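1. Build me a model from this:
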Amino acid sequence: MSNQQRRLAEFEDQARGVEKDLKMALEESRCGERRLEDNRKNLEIQLETTNVELQVCVCIPITYLLLH
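-> Residues are numbered from 1 along each chain as shown. Take a look at the predicted model:
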């Protein structure tokens, strides 16, 4: 194998390694993005639940006061 062919083969191997590393980093990033999206959805649900509970806590005493 000539020197140029060997250097080309080494470069191609290195490029494949970099490509593999980049693909892994992209997949990790996507997993992190999905995890953050799930957390956001859960927090929105918790906020909505808390808002409803707060409305119930405020409405019940007012209703009680109005009826008595």
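2. What count of nearby residues applies to Gln5?
-> The local packing of Gln5 (other Cβ atoms under 10 Å) involves 9 other residues. Bear in mind the C-beta positions are built from the backbone N, C-alpha and C, glycine included.
3. so what's it scoring on pLDDT?
-> Gln5 is assigned a pLDDT of 94 by the prediction.
4. now do Leu67
-> At Leu67, the predicted lDDT confidence score is 69.
5. Repeat that for Cys59.
-> Reported pLDDT for Cys59: 71.
6. can you check Tyr64 too?
-> 63.
7. separation between Val56 and Gln5?
-> Plainly put, Val56 is 76 Å away from Gln5 if you go by Cβ to Cβ, to the nearest Å.
8. repeat for Phe11
-> Phe11 sits at a distance of 11 Å from Gln5 (criterion: Cβ to Cβ).
9. ok, which stretches of this protein are helices?
-> Remark: helices assigned in the chain by DSSP state H are 3-67.
10. So what's the residue count around Ile45?
-> Counted with other Cβ under 10 Å, residues neighbouring Ile45 total 10.
11. and the gap between Arg34 and Lys41?
-> To Lys41, Arg34 is 11 Å away according to Cβ to Cβ.
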